[in-house]
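> next come a sequence and a model predicted from it.
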Amino acid sequence: EYRGLVKHTGGCHCGAVRFEVWASADLHVFNCNCSICTKKQNRHFIVPASRFKLLKGADNLTTYTFNTHCAQHTFCKTCGVQSFYTPRSNPDGYGIAPHCLDDGTVQTIVTEDINGKEWEKAVKEHKTIKDMSKP
């Protein structure tokens with residue numbers, strides 16, 4: 001258990017992929033405008049890998065990469081939903097889709113736009129994004 005954090009559970013649409021993640025009840029969600037996030041409407045919050053646990057569905061995940069191949073865009077082979085992924089900004093953590101969390105544990109969501117079209121500049125100028133995957 002993590003002090004000051006709550007256990008959220010979630011998964012894909014068909015239920016083949018399930019996970020738990022320890023994070024604040026008040027989520028800081030990124031809305032990125034890079035090419036893939038725009039097409040997928042990928043909004044996500046970032047957590048350290050140590051606070052994420054895949055409960056089921058590892059064999060039902062597939063991964064898409066492009067460009068630098070740093071980001072690991074994992075999604076369910078059955079329903080196609082990306083409920084989490086490994087972001088390029090935080091390859092030692094996970095980006096979690098808040099809309100894939102089960103009801104009842106999120107109190108508030110604050111959304112921050114990030115200019116993924118100019119990814120290198122945006123990440124360099126952002127004061128905290130690289131630290132979000134640190135325990």
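Received the coordinates, thanks. What you see is a predicted model; the values in this text were computed from it and never measured.
> other residues contacting stretch 8-25?
1-2, 4-7, 45, 47, 51-57, 60-61, 75-81, 83-84, 94, 96-97, 100-102, 105-108 (Cβ atoms under 8 Å, 6 or more residues apart in numbering). (C-beta placed from N, C-alpha, C; glycine too.)
> and His126, its phi and psi?
phi -70, psi 130 (degrees, to the nearest 10).
> state the number of residues packed around it.
16 (other Cβ atoms under 10 Å).
> does it touch Ile114 like I think?
Yes. In this structure His126 lies within contact range of Ile114 using Cβ atoms under 8 Å: 7.0 Å.
> which SS class is the residue nearest the centre of the chain?
The chain has Gly95 as the residue nearest its centroid, 1.7 Å off, counting by Cα atoms, centre = their mean. Put simply, Gly95 is strand when judged by DSSP: H, G, I helix; E, B strand; the rest coil.
> now it. Nearest residue, chain neighbours left out?
His44 (3.6 Å; Cβ to Cβ, 6 or more residues apart in numbering).
> and the helix or strand where that neighbour lies, what does it pack against?
For His44, the element it lies in under DSSP states H and E is strand 43-48. For strand 43-48, the packing partners by 3 or more Cβ pairs under 8 Å, 6 or more residues apart in numbering; DSSP states H and E come out as strand 18-23, strand 26-32, strand 93-96.
> may I see the buried residues of the longest one?
Within strand 26-32, the residues that count as buried by 16 or more other Cβ atoms under 10 Å are 27-30, 32.
> what's in contact with the helix or strand following it?
Sequence-wise, the next helix or strand downstream of strand 26-32 (DSSP H and E) is helix 35-40. Outside of helix 35-40, the residues within contact range by Cβ under 8 Å, 6+ apart are 31-32, 42-43, 66, 71, 73, 82, 116-117.
> ok, of those, which come out buried?
32, 42-43, 71, 73, 82, 116.
> dump the residues you listed into JSON lines; add distance to Ala23 as well.
Compiled in JSON lines, the buried ones among the contacts of helix 35-40 are given as follows (distance: Cβ to Cβ, whole Å):
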{"residue": "Cys32", "distance to Ala23": "18"}
{"residue": "Asn42", "distance to Ala23": "17"}
{"residue": "Arg43", "distance to Ala23": "14"}
{"residue": "Ala71", "distance to Ala23": "20"}
{"residue": "His73", "distance to Ala23": "20"}
{"residue": "Gln82", "distance to Ala23": "17"}
{"residue": "Gly116", "distance to Ala23": "22"}
